[in-house]
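1. build the 3D model from these lines:
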Amino acid sequence: MRFEIYRKGDDVLGNTPGTEDPYTWRLLADNDDILATGEGYANKTDCYHAINLVKSATTQTLVVDFS
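-> Just a heads-up that it's a prediction; the model follows:
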């Protein structure tokens, strides 16, 4: 698995340039399937912070099922 950080508007997703909060991330499986995506962040530091929060999740993290 790997995390990718990209700017909205770059060729990665083909989004419109000039989007507010341009930095975002996604978590990809080894076969390149997208497992998770993050919201937009104003700067790369905040984007990395969000990734680190996801990486810190453990088996002790609560799962809430509203179905």
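2. mind checking the SS state of C47?
-> Look at C47: counting by DSSP: H, G, I helix; E, B strand; the rest coil, its state is helix.
3. ok, it - how many residues close by?
-> C47: 23 surrounding residues under other Cβ atoms under 10 Å. (Glycine included, C-beta is placed from N, CA and C.)
4. pretty sure it sits against I5.
-> Yes. Shown here, C47 and I5 form a contact pair, counting by Cβ atoms under 8 Å, at 5.5 Å.
5. which neighbours do the two share?
-> Taking Cβ atoms under 8 Å, 6 or more residues apart in numbering as the contact rule, C47 and I5 both touch 23-25.
6. I'd say Y48 and I5 touch.
-> Yes. Between Y48 and I5 there is a contact under Cβ under 8 Å: 7.3 Å.
7. so what touches stretch 42-60?
-> For stretch 42-60, the external contacting residues (Cβ under 8 Å, 6+ apart) are 3, 5, 21-25, 27, 36, 38-39, 41.
8. switch the cut-off to 6 Å
-> Contact with stretch 42-60 is made by 3, 5, 21, 23, 25, 38, 41, as judged by Cβ atoms under 6 Å, 6 or more residues apart in numbering.
9. sec struct for T24, please.
-> Classified using three-state DSSP, T24 is strand.
10. under the pLDDT cut-off, which ranges of this structure? List them.
-> 9-19 (pLDDT under 70).
11. contacts only, for I34.
-> Taking Cβ under 6 Å, 6+ apart, we find I34 in contact with 26, 28.
12. can we see that at 10 Å?
-> 4, 26-28 (Cβ atoms under 10 Å, 6 or more residues apart in numbering).
13. show me what it is bridged to.
-> Note on I34: beta-bridge partners by DSSP bridges are L28.
14. how close does it sit to A42?
-> Distance, I34 to A42, using Cβ to Cβ, to the nearest Å: 23 Å.
15. before we move on, the earlier item: could you dump the shared contacts of C47 and I5 to TSV with distance to V64?
-> As requested, the shared contacts of C47 and I5 are arranged in TSV below (distance: Cβ to Cβ, whole Å):
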residue	distance to V64
Y23	28
T24	24
W25	23
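16. dump those to TSV, plus neighbour count and distance to Q60.
-> Shown next, in TSV, are the shared contacts of C47 and I5 (neighbours: other Cβ atoms under 10 Å; distance: Cβ to Cβ, whole Å):
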residue	neighbour count	distance to Q60
Y23	20	29
T24	21	27
W25	20	23
